[in-house]
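[1] Provided below for reference: sequence and predicted model.
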Amino acid sequence: MMPKTKTRFHIPVRSLAPNAITVLALCAGMFGVRFAYLGKWEEAVTSILIAGVFDGLDGSVARLLKGTSKFGAELDSLSDVISFGVAPALIMYMWVLSDIKGIGWLMSLIFVICMALRLARFNTVMKDENLGADVKAGYHTGIPAPASAALAIYPMILAFEFNTPIIKDPILCSIYMGIICILTVSRIPTFSFKSLKIHKEHVIFLLLSIGILASLLITHLWVTMTVIGLVYFISIPVIYFQIKKQNKDKP
C-alpha cells in the first residue's frame, strides 16, 4: 500500500503583499507606543501617521493585485484595533492623561473600546449588502479608524507647533478624547475619498496639489497636519448637512 503524500498548498505572492503592508502598519503603531515610553513624542505621533499611510495602502494594493481574502480582512481589523485604538490611547495617556490618573486611564480605555466597536460594526456592514448603503453612497459612517487615531493625538500635533499650556491641560484633553470617542461610534456621515470625482481636465492640477502637499509635509509637517486636521473637522458638519439636504430633496 502506497503511503499517502502530503498535499502542498502554494499561496500566490499577490495575496501576501497586502498582508505584509498590514503587518507594517501594526509595527508602526507599536513603535509609536515605544517612542512614547521613551518620551520621543514627535516620533510617536509620526509612527501613528505612518501606520495610517500603510493602512490606506493595503486595501488599494489588495484590490490592485486581486489579492483580497478573508484572512487579510480579519488581519486588517486586528491591526487597526492596535495601531489606531490601543497605540493612540496609550500615547495620549503617557503624554498628559496620566496626570489625572483614573479619569485619564478611563478615557484611554473608552477610546479603545469605541475603536473596537466601530471596527466590529464596519465588518458587519461589509458582510451584509443590505447594511452597506453608506459605503455605496461614498461616505463613512462615523470617523474611520485612521482618522480617529489622528484626531485623538491632534492636541499633540498642536503642541509641537504651538507650545501653549492650555493644549496640554489633561482635563481638556480628556473631554476632547470623549468627543472623538462619540464621533467614532456615531452614525454621522464623514468624508471618504470614494466620494471624490475628478474631471480629466483637472487631473494635472490634482497632481500638482499632491506634489505641493508632499513638499509641505516634509518641510512643515506639524503646521500642515494642523491645517489638514482643521479642514477635516470642518468637513464633518458640512457633509452632514449636505447629505441631510440630499435626503430631504428625495421624493
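    That came in fine, so what should we check first?
[2] what about the strands in the stretch 51-200 of the chain?
    Secondary structure of the stretch 51-200 of the chain (DSSP state E, counting those that start in this stretch): strands at 140-141, 189-190.
[3] which of those is buried the deepest?
    Ranked by mean neighbour count, these are led by strand 140-141 with a mean of 22 (mean count of other CB atoms under 10 Å). For the C-beta atoms, the positions are set from N, CA and C on the backbone; glycine is no exception.
[4] quick one: strands adjacent to it?
    Strand 140-141 has its sheet partners listed here by DSSP bridges as strand 189-190 (antiparallel).
[5] report the mean per-residue pLDDT for the strand it pairs with.
    Strand 189-190 carries an average pLDDT of 88.
[6] buried ones in stretch 207-222?
    Using 16 or more other CB atoms under 10 Å as the test for burial, stretch 207-222 gives 221-222.
[7] what do you get for stretch 159-176?
    For stretch 159-176, burial by neighbour count (16+ other CB under 10 Å) applies to 159-160, 167-170, 173-174, 176.
[8] over to stretch 116-126?
    So, applying 16+ other CB under 10 Å, buried residues of stretch 116-126: 116, 118-119, 122, 125.
[9] low-confidence regions, this protein specifically.
    Along the chain, the parts satisfying pLDDT under 70 run over 1-14, 67, 126-138, 195-196, 248-251.
[10] with adjacent residues omitted, what lies nearest to the most centrally placed residue in it?
    Among the residues of the chain, the one closest to the centroid is Pro146, at 0.4 Å (CA atoms, centre = their mean). Leaving aside its sequence neighbours, Pro146 sits nearest to Gly52 (CB to CB, 6 or more residues apart in numbering; 3.8 Å).
[11] now do the contacts for that neighbour.
    Gly52 makes contact with 25, 84, 146-147, 149-150, according to CB atoms under 8 Å, 6 or more residues apart in numbering.
[12] the residue nearest to the centre of the chain reaches Leu57, doesn't it?
    No - using CB atoms under 8 Å, Pro146 is not in contact with Leu57; the gap is 11.2 Å.
[13] ok, longest helix in the chain?
    Longest helix of the chain, by residue count under DSSP state H: helix 221-249.
[14] I appreciate the help and will end here.
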